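**Q** Next one to model:
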Amino acid sequence: MARKEDIVVRRRKKVDGAARSRARDAHSEEYEAPSERRSRHRRKKYRRQFWLRLIAVVVIAALALTVWLNWDVMNPEYVWTWVKLQATGGDTGDGYPLSIEGNTVVDMDTVGHQLCVLTDSYLLMYNSTAGETVRRPCAYATPALDTAGKYALIAEVGGKRVRLETLSGTRQEIQAPSTIVSATVADNGNFAVVVDSSSYQSEIWVYSAEGKQKYHWSSASMLVMDVALQGNTMAVIGTNASGGALRSEMLVMDITTEAAPARYSLEDTLFYHVDIFPDKRIAAVGDTGTLFLDPSTGVSRSVRYDDRQLLGYAFSGNRLGLQLGSYGSTADGELLSYASNGDSVFTTAFTGSARWLEADGSGGYLLLSSSGLSHIAADGAATAKGTYSDGMRVVAFDKQAIVLGLTKMDSVKF
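**A** Residues are numbered from 1 along each chain as shown. A predicted model of the protein is given here:
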């Protein structure tokens, strides 16, 4: 039997309500703390994902804008061509001057970032270092060249063949319905072909860059002299016999509809050339005057040359340059620049016999005469760029003036 002193009675401690509450809270915190931590972690994760997605959207938008602004040199066609040129080593030349027989050159202009030269045997393209990037045979008897954007159109005047070219290759070659008089291309690849017709005085066929017929126009009375194409707008100039006298007219039509064209005229003028400005206004250049037209309002305005003769003309952005001189002489004169609405911008004198007038791509002009080459800036200021005794014509290319001579093409920065 246990002794009394060995018996110990253990009593439970009394725990008050506050202690029990604290215990419950501690017990609750023990299980709820991980959940709270997980919640905070999720919120941080979501915030981080939000900012990452926002940054990604901004970067993608910036890249898309960059590609859009530089699409002419970043589109797959040009990128692939560039890769091929890098692989073949054909994109680096020895620089200008470049030997070429000037009397074999039919026409020259720019196509994208290439200098396009059409000779009596080949279509040639060169880059800014005079590296030959394209050499394609052209066996047309009387070839004519027109360019816009990345496209070059070669038409067989007096024949029926038409070729649409780009840096990467020949896009299309079609047979026109009849003998070709002239042809033009738009910067989206659509092209218009003016043909002779046994049923009409003139016919025009418009094709897409894929070679599909888009539009057809014909006239029993109008002899078409020139045509311009931009987007869905086509401008046509020609002559009509009215009362025994020739009358020049300009017609403007939408190639997506069958609506009758709008008609405009200028008395006592024979139109030579028509073009559509980037702002969609139109100008028809004639032998005694030029007609400016805003087709959106139908408002037209004319500029007369009075007692002077037209020596040359060039469309430079939303401007038109008219090179005028005294009748009976090609020596000395003035270059008059007009805005697309017919407002005068500046007048600059030149010396020597006029040889060629070309747009510089920035609202100014390159003027080649027997006295030399001058760059006429957008404000009318003239800067001499050297003398070229055998200079035949000039084209603006990559901030260079490329001057074609009898045996070579030379270049000078402007």
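
**Q** Just to check, L123 is in contact with E165?
**A** Yes - in this structure, L123 is within contact of E165 by CB atoms under 8 Å, at 6.2 Å. Heads up, the C-betas are built off the backbone N, CA and C, glycines and all.

**Q** Find the residues that touch each one of these two.
**A** 136, 152, 154 (CB atoms under 8 Å, 6 or more residues apart in numbering).

**Q** Most neighbours among these, which one?
**A** A152 (28 neighbours; other CB atoms under 10 Å).

**Q** Leaving out the residues flanking it, which one is nearest to that residue?
**A** E165 (4.4 Å; CB to CB, 6 or more residues apart in numbering).

**Q** Over to G380?
**A** F346 (3.2 Å).

**Q** one step back: and which of the shared contacts of L123 and E165 is nearest I376?
**A** Minimum distance to I376 across these is 26.7 Å, recorded for A152 (CB to CB).

**Q** residue ranges of the helices in this structure, please?
**A** 17-69, 71-74, 76-88 (DSSP state H).

**Q** Does anything pack onto the lengthiest strand in the chain? Which helices or strands?
**A** Under DSSP state E, the strand in the chain containing the largest number of residues is strand 344-359. Helices and strands touching strand 344-359, by 3 or more CB pairs under 8 Å, 6 or more residues apart in numbering; DSSP states H and E, are strand 308-316, strand 319-326, strand 331-339, strand 365-369, strand 372-376, strand 393-397.

**Q** just the angle between it and strand 331-339, please?
**A** 110 degrees (axes from the mean of the first three to the mean of the last three CA atoms, to 10 degrees).

**Q** Let me have the shared contacts of L123 and E165 in a markdown table, extended by distance to Q400 and pLDDT.
**A** A markdown table is the format used below for these (distance: CB to CB, whole Å; pLDDT from 0 to 100):
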| residue | distance to Q400 | pLDDT |
| --- | --- | --- |
| R136 | 24 | 97 |
| A152 | 19 | 98 |
| I154 | 24 | 98 |
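
**Q** which one of the residues you listed is nearest E210?
**A** For the shared contacts of L123 and E165, the nearest to E210 is A152 (16.6 Å; CB to CB).

**Q** hang on, D307 packs against G325?
**A** No - using CB under 8 Å, D307 is not in contact with G325, being 10.7 Å away.

**Q** which one of those two has more residues nearby?
**A** G325 (20 against 8).

**Q** tell me the contacts of S370?
**A** Counted by CB under 8 Å, 6+ apart, S370 has contacts 331, 352-353, 355.

**Q** Could you tell me which of these count as buried?
**A** 352, 355 (16 or more other CB atoms under 10 Å).

**Q** Pick the one among the contacts of S370 closest to L368.
**A** R355 (4.6 Å).

**Q** Please tell me how far the closest one sits from D287.
**A** R355 sits 19 Å away from D287, going by CB to CB, to the nearest Å.

**Q** ok, back up a step: nearest approach to R247 belongs to which of the helices and strands packed on strand 344-359?
**A** strand 308-316 (19.2 Å).

**Q** which residue is nearest the centroid of this protein?
**A** G149 (3.7 Å; CA atoms, centre = their mean).

**Q** residues contacting that residue?
**A** 72, 111-112, 186-189.

**Q** Where does the prediction get shaky in the stretch 1-150 of the chain?
**A** By pLDDT under 70, the low-scoring segments of the stretch 1-150 of the chain are 1-35, 37-38, 40-41, 66-91.

**Q** ok so, going back, more neighbours: L123 and E165, which one.
**A** Set L123 next to E165 and count neighbours by other CB under 10 Å: E165 wins out with 26 against 22.

**Q** Tell me the spacing between the more buried one and A192.
**A** E165 is 16 Å from A192, by CB to CB.

**Q** now swap in T170 and tell me
**A** Taken as CB to CB, the span from T170 to A192 is 19 Å.

**Q** who has more neighbours, these two?
**A** Between T170 and A192, A192 has the larger neighbour count (other CB under 10 Å), namely 24 against 13.
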